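Participant: Model the structure of this input:
(one chain, ligands or ions: 3)
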Amino acid sequence: MSEKEFQKVTETAASAPQKPNPYGPNPADYLSNVNNFQLIDSTLREGEQFANAFFDTEKKIEIAKALDDFGVDYIELTSPVASEQSRSDCEAICKLGLKAKILTHIRCHMDDARVAVETGVDGVDVVIGTSKFLRQYSHGKDMNYIAKSAVEVIEFVKSKGIEIRFSSEDSFRSDLVDLLNIYKTVDKIGVNRVGIADTVGCANPRQVYELVRTLKGIVSCDIECHFHNDTGCAIANAYTALEAGARLIDTCVLGIGERNGIVPLGGLMARMIVAAPEYVKSKYKLHKIRDIENLVAEAVEVNIPFNNPITGFCAFTHKAGIHAKAILANPSTYEILDPHDFGMKRYIHFANRLTGWNAIKSRVDQLNLSLTDDQCKEVTTKIKRLGDIRPLNIDDVDSIIKDFHAEVSTPKLIATKREKEGTADVLDLQDEPNAKKSKQ
Ligand SMILES: CC(=O)SCCNC(=O)CCNC(=O)[C@H](O)C(C)(C)COP(=O)(O)OP(=O)(O)OC[C@H]1O[C@@H](n2cnc3c(N)ncnc32)[C@H](O)[C@@H]1OP(=O)(O)O
Ligand SMILES: O=C(O)CCC(=O)C(=O)O
Ligand SMILES: [Zn+2]
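Facilitator: Ligands and ions are numbered 1, 2, ... in the order given. Next up, the predicted model:
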């Protein structure tokens, strides 16, 4: 391409109408719910199925209140038929008067439904396996039986004036015709939502898009999606489901659940704030994520993973010199998330051999010392030299800087450049991580 042609191409691109948010949904896609989604948090149902979980009544109430304060739309609770305590905990949470609607999750059976509607919940989530695996080895019922019992349970719950959702367990290994038939049947009798569940975590985003879009053309009610994370696709699948027109996503704090769990609440927020910043910031108290995660992590005795979105101890830590320089100039260079949106801070990890003189210069400024650029480069070389021999800490770097400064300085008073330049908010050169370092 000649230079002239290249210039023409770039000019045309520059004058083309810009999408309002390059990371958001296609504005022309009117079926997308990326800017209009709801959360059903299932930490107190799916999360209770996590291997380490045991929540006593007090802890359940604490978690329910924290989720409510954060702003989730629904809180899903364990089936009241699971145990006597599960039933009374469900009743206790219903009495809290939370803003979030309270749901309980039951099998597609009248025995469960009769107990559920007496607990005081705002809605009932009914589920039954539709894949051949579950039809054969779990409940042993055929599609006719499933449809008949679904209609009976749905009409009963509806008659009590509360919300009802019907979900097919193991949707992605179910026959598409079976699925669409059952969803059509339950939609016709007036469910509030239908649910798609990737029970074994086998689905990929393309499959999710196709199934949700197809279902969108079949039902008039809202579509809820539940994604397990066995193959690492849970958040991507959730986002794709919203793009395709699903309205509600099931989450758990830290993604806890059966096996390795489902869509993590914090991780989904990280994805959604990029795509729908105004919506997410106006609806959810993002600065509460860290507290909720710590609450649940402590309750189920796990550490926050080091690479957790938002709250992992190094989620906003920048290390390499090239990164540090650009971050100092403009944090958007290497950050798609602004830590301040979540009540977090960014850190520049400068005590290592990958550092560069720009990061060291900032540290010099923070120490209220004054060195020329050339001197900063010289002291950076010294730091790197030691960093080649062993891991460094902040004290190591500070002493090298201070010694160097003492060598090169005259005894006159040095003006504090930091105050003059006001760079404090851009850079926090502490070595304190945002969250406790993972022990796992
Ligand atoms: C994919 C999911 O996460 S779905 C939600 C899972 N949640 C739970 O399992 C809640 C906790 N579970 C429990 O406390 C118990 O399993 C109970 C109380 C629900 C049932 O306990 P039990 O009666 O002892 O049965 P068990 O757990 O051994 O087997 C499940 C029974 O439910 C039936 N069943 C399973 N899924 C469904 C369904 N979706 N709809 C109707 N019946 C179902 C099975 O056929 C089996 O019935 P069976 O008694 O004829 O064998
Ligand atoms: O009720 C649902 O939609 C989901 C049930 C569940 O936990 C699953 O299928 O993994
Ligand atoms: Zn699940």
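Participant: Just give the nearest non-adjacent residue to residue 284, would you?
Facilitator: residue 71 (4.3 Å; Cβ to Cβ, 6 or more residues apart in numbering). For every residue, glycine as well, the C-beta is placed using N, CA and C.
Participant: give the contact list for the one you found.
Facilitator: Residue 71 makes contact with 39, 283-285 under the criterion Cβ atoms under 8 Å, 6 or more residues apart in numbering.
Participant: Give me the contacts around the host helix or strand of residue 267.
Facilitator: Assigned by DSSP states H and E, residue 267 falls within helix 265-275. Residues from elsewhere that reach helix 265-275 (Cβ under 8 Å, 6+ apart): 21, 23-25, 34-35, 37, 39, 41, 43, 70, 72, 235, 238-239, 249, 251-255, 279-281, 284, 286, 289, 292-293, 308-311, 336-337, 341.
Participant: tell me the domain ranges of this structure?
Facilitator: Domains of the chain are assigned by automatic domain parsing as 38-299, 317-421.
Participant: Run the chain-centre distance for the shortest one.
Facilitator: For domain 317-421, the separation from the chain centroid amounts to 32 Å (computed by Cα atoms, centre = their mean, to the nearest Å).
Participant: again, but for the first one
Facilitator: When distances are taken as Cα atoms, centre = their mean, domain 38-299 is centred 16 Å away from the chain's centroid.
Participant: Please measure how far the first residue of that domain sits from its last one.
Facilitator: 25 Å (Cα to Cα, to the nearest Å).
Participant: where in this structure is pLDDT low?
Facilitator: Residue ranges of the chain with pLDDT under 70: 1-19, 410-440.
Participant: where's the spatially most central residue of it relative to ligand 1, distance?
Facilitator: Nearest to the mean C-alpha position of the chain, by Cα atoms, centre = their mean, lies residue 267 at 1.9 Å. Here residue 267 is placed at a distance of 20 Å from ligand 1 (Cβ to the nearest ligand atom, to the nearest Å).
Participant: repeat for residue 65
Facilitator: 23 Å.
Participant: I'd say that residue and residue 99 touch.
Facilitator: No. Under the criterion of Cβ atoms under 8 Å, residue 65 is not in contact with residue 99, lying 10.5 Å apart.
Participant: Please say which of those two ends up with more neighbours.
Facilitator: Taking other Cβ atoms under 10 Å, residue 65 and residue 99 do not tie; residue 65 has more neighbours (16 against 9).
Participant: Identify the residues contacting the more buried one.
Facilitator: 96, 98.
Participant: Ok, residue 264 next?
Facilitator: 234-235, 251-255, 308-309.
Participant: List only buried entries from those residues.
Facilitator: 234-235, 251-255, 308-309 (16 or more other Cβ atoms under 10 Å).
Participant: of all those, which comes closest to residue 392?
Facilitator: Within the buried ones among the contacts of residue 264, the smallest distance to residue 392 is 25.6 Å, found for residue 308 (Cβ to Cβ).
Participant: gap between that closest one and ligand 1?
Facilitator: Residue 308 sits 24 Å away from ligand 1, going by Cβ to the nearest ligand atom.
Participant: That residue sits in which helix or strand?
Facilitator: Element membership for residue 308, per DSSP H and E: none, as it lies in no helix or strand.
Participant: Quick check: phi and psi on it?
Facilitator: Main-chain dihedrals, residue 308, degrees, to the nearest 10: phi -60, psi 140.
Participant: I figured it hits residue 315, correct?
Facilitator: Yes. The pair residue 308 / residue 315 is scored as a contact, 6.7 Å apart, by Cβ under 8 Å.
Participant: got the residue ranges for the helices in the stretch 201-350 of the chain?
Facilitator: 205-216, 234-244, 265-275, 277-283, 289-299, 321-329 (DSSP state H, counting those that start in this stretch).
Participant: check contacts around residue 169.
Facilitator: When contacts are counted by Cβ under 8 Å, 6+ apart, residue 169 touches 127-131, 134, 197, 199.
Participant: Flag every residue of the stretch 51-200 of the chain that's near ligand 1.
Facilitator: With Cβ under 6 Å from any ligand atom as the criterion, the stretch 51-200 of the chain comes near ligand 1 at residues 79, 81-82, 107-109, 127-129, 138-139, 169, 199.
Participant: Thank you, goodbye.
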